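Novice: predicted model, plus sequence, below.
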Amino acid sequence: MTTRIRDVLSHAMAQLAAAPSADQPERDRAVRGALDLARGYHTCGALDGAAALCREILRIRPDTPEAISILNGVEHDRAFWRTAVISSNPADQTLTTFTFPIYGNPAAVRHTVDTQPDFIRAVQALSFLQNGWGMCRWMGVPVLKFPNDLMLYQEIVFETKPDLIIETGTYNGGSAFFLAHLLDLIGHGRIVTVDVEPMPDRPQHPRITYQTGSSIDPAIVDPLRAEAEGKTVLVSLDSSHLASHVLAEMRIYADLVSVGSYMVVEDSNINGHPVWPGYTEPPNPEASGPMEAIRRFVDERGDFVIDALKHRLLVTNNPNGYLKRLG
Ligand SMILES: C[S@@+](CC[C@H](N)C(=O)[O-])C[C@H]1O[C@@H](n2cnc3c(N)ncnc32)[C@H](O)[C@@H]1O
């Protein structure tokens, strides 16, 4: 948890502490808000925060089944995840199981890649360098994502049922086509995808709108902001991967993401996390990537948390890149 996230938690706890003396509607509001937050913390692996909130809820309202159920879930996760990860022994290259608290450890929630054992970093690097993911197609259209990440998008779309998906970085349109088909399956929503390059022959689909321009140009952003107003919105950032550009996008699009939904920052594995050290985009001389932008962003804002459970498949192009909006 970052300091700012801790502030959000303290605020919720203070509201709960004041609740017993408040009138009924205010007490209900405080409990509902704390339950939403506890659910969010639990989903993202911030188990201590989730448990603290639930205990406080049960102190003022002992008959709250949702709080009991979240607490049970927290206990289950603590018992399960802390013993389930495999690492290599660098000395003799054998595999050993050991306790590695990726999940439920606030430091790991924020910096999972930094605490990954070498074996997992090696699997990440090999999967990336093999470039099988770069040859993936969705219904015949190239899509530049690991299948694992596509599966995670599917989970997010099903969970959030977005009215609107905003994607920056269209390329061939494969990821937009994939997301449009998910929206078909839930029978709801549309996607606007933005790219500086127009490209002929992108797939046509009634739920997809293609926009040509820079993702940070007000001419593109302002209409999107108006359209997002009051809607359930999911954002996927997959355009230029320079830290300065990604951070600018994050600052612009964060407010468009609805509470409970996600901002997915793609390709945070580059610039040495653990692949493609020294990443840059000419003529920019300095190495940087999405991970550096994510770190700045979570330090700046208290309302997004990194969803650590999205690292559970181990191989992802987006380590620390699944950010859930909690408040
Ligand atoms: C990694 S590709 C997108 C891949 C696609 N989302 C997929 O998964 O198949 C990056 C795209 O970002 C576009 N791009 C680069 N800078 C951009 C910017 N400032 N605004 C919008 N798009 C940009 C590039 O033209 C390129 O097509």
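Specialist: Now that the structure is in, tell me what you want to look at. In this text, all values refer to a predicted model and were calculated from it rather than measured experimentally. Residues are numbered from 1 along each chain as shown.

Novice: tell me the helices and strands packed up against whichever helix in the chain runs longest.
Specialist: Longest helix of the chain, by residue count under DSSP state H: helix 24-43. Identification of packing neighbours for helix 24-43 by 3 or more Cβ pairs under 8 Å, 6 or more residues apart in numbering; DSSP states H and E yields helix 3-18, helix 47-60, helix 65-81. For glycine as for every other residue, the C-beta is placed from the backbone atoms N, C-alpha and C.

Novice: out of those helices, which comes closest to residue 224?
Specialist: Of all the helices and strands packed on helix 24-43, it is helix 3-18 that lies closest to residue 224, at 25.7 Å by Cβ to Cβ.

Novice: what's that closest one in contact with?
Specialist: Identification of contacts with helix 3-18 by Cβ atoms under 8 Å, 6 or more residues apart in numbering yields 1, 30-31, 33-34, 37, 41, 46, 49, 52-53, 56-57, 60, 298-303, 305, 326-327.

Novice: for it, what is the distance to the chain centroid?
Specialist: 22 Å (Cα atoms, centre = their mean, to the nearest Å).

Novice: now the end-to-end length of stretch 126-143.
Specialist: This stretch, stretch 126-143, spans 19 Å end to end (Cα to Cα, to the nearest Å).

Novice: next, the buried residues of it.
Specialist: Judged by neighbour count using 16 or more other Cβ atoms under 10 Å, the buried positions of stretch 126-143 are 127-128, 133, 136, 138, 141, 143.

Novice: for it, give me every contacting residue.
Specialist: Contacts for stretch 126-143 (Cβ under 8 Å, 6+ apart): 144-147, 150, 171-175, 177-178, 181, 202-203, 269, 275-276, 315, 317.

Novice: at 6 Å instead, please
Specialist: The contact list for stretch 126-143, computed with Cβ atoms under 6 Å, 6 or more residues apart in numbering, reads 146, 172, 174-175, 177-178, 203, 275, 315.

Novice: can you check stretch 158-178 too?
Specialist: For stretch 158-178, the surrounding residues in contact (Cβ under 6 Å, 6+ apart) are 138, 141-143, 179, 186, 188-189, 191-195, 202-203, 208, 215, 224, 228, 231-239, 261.

Novice: can you select the buried ones among these for me in ChimeraX?
Specialist: Restricted to buried positions by 16+ other Cβ under 10 Å, the ChimeraX selection for the contacts of stretch 158-178 reads:
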select :138,141,143,179,189,191,192,193,194,195,202,203,208,215,224,228,232,233,234,235,236,237,238,239,261
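
Novice: just checking, residue 27 touches residue 21?
Specialist: No - in this structure, residue 27 is not within contact of residue 21 by Cβ atoms under 6 Å, at 9.0 Å.

Novice: these two - which one has more neighbours?
Specialist: Neighbour count, other Cβ atoms under 10 Å: between residue 27 and residue 21, residue 27 has more, with 18 against 8.

Novice: which parts of the stretch 51-200 of the chain sit against the ligand?
Specialist: Within reach of the ligand by Cβ under 6 Å from any ligand atom, the stretch 51-200 of the chain has these residues: 143-145, 168-172, 174-175, 194-197.

Novice: on that earlier part again, ok, the buried residues of stretch 126-143 vs the ligand, which is closest?
Specialist: residue 143 (4.4 Å; Cβ to the nearest ligand atom).

Novice: sorry, back to before: any idea which of the helices and strands packed on helix 24-43 is most buried?
Specialist: Mean neighbours per residue, mean count of other Cβ atoms under 10 Å, is largest over those for helix 47-60, with a mean of 21.

Novice: helix 24-43 and that one, what's the angle between them?
Specialist: The directions of helix 47-60 and helix 24-43 differ by 150 degrees, with axes from the mean of the first three to the mean of the last three Cα atoms, to 10 degrees as the criterion.

Novice: on that earlier part again, helices - which of the buried residues of stretch 126-143 land there?
Specialist: Assignment to helices by DSSP H places the following of the buried residues of stretch 126-143 there: 127-128.

Novice: in CSV: the buried residues of stretch 126-143, plus distance to residue 72 and pLDDT.
Specialist: Below are the buried residues of stretch 126-143 laid out as CSV (distance: Cβ to Cβ, whole Å; pLDDT from 0 to 100):
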residue, distance to residue 72, pLDDT
127, 35, 86
128, 38, 86
133, 37, 90
136, 38, 95
138, 38, 98
141, 43, 97
143, 38, 97
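
Novice: closest one to residue 71 out of the buried residues of stretch 126-143, please.
Specialist: Nearest member of the buried residues of stretch 126-143 to residue 71, counting by Cβ to Cβ, is residue 127, at 36.3 Å.

Novice: okay, and the common contacts of residue 27 and residue 21?
Specialist: In contact with both residue 27 and residue 21: no residue, using Cβ under 6 Å, 6+ apart.

Novice: that older thread, tell me the one among the contacts of stretch 126-143 nearest to residue 283.
Specialist: Comparing those against residue 283 with Cβ to Cβ places residue 275 closest, at 22.7 Å.

Novice: is that closest one located within a strand, as I assumed?
Specialist: No - counting by DSSP: H, G, I helix; E, B strand; the rest coil, residue 275 is not part of a strand but coil.

Novice: related to what we said a few turns ago, for the buried ones among the residues of the stretch 51-200 of the chain next to the ligand, write the corresponding PyMOL selection.
Specialist: Here is the PyMOL command that picks out the buried ones among these, judged by 16+ other Cβ under 10 Å:
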select buried, resi 143+144+145+168+169+170+171+172+174+175+194+195
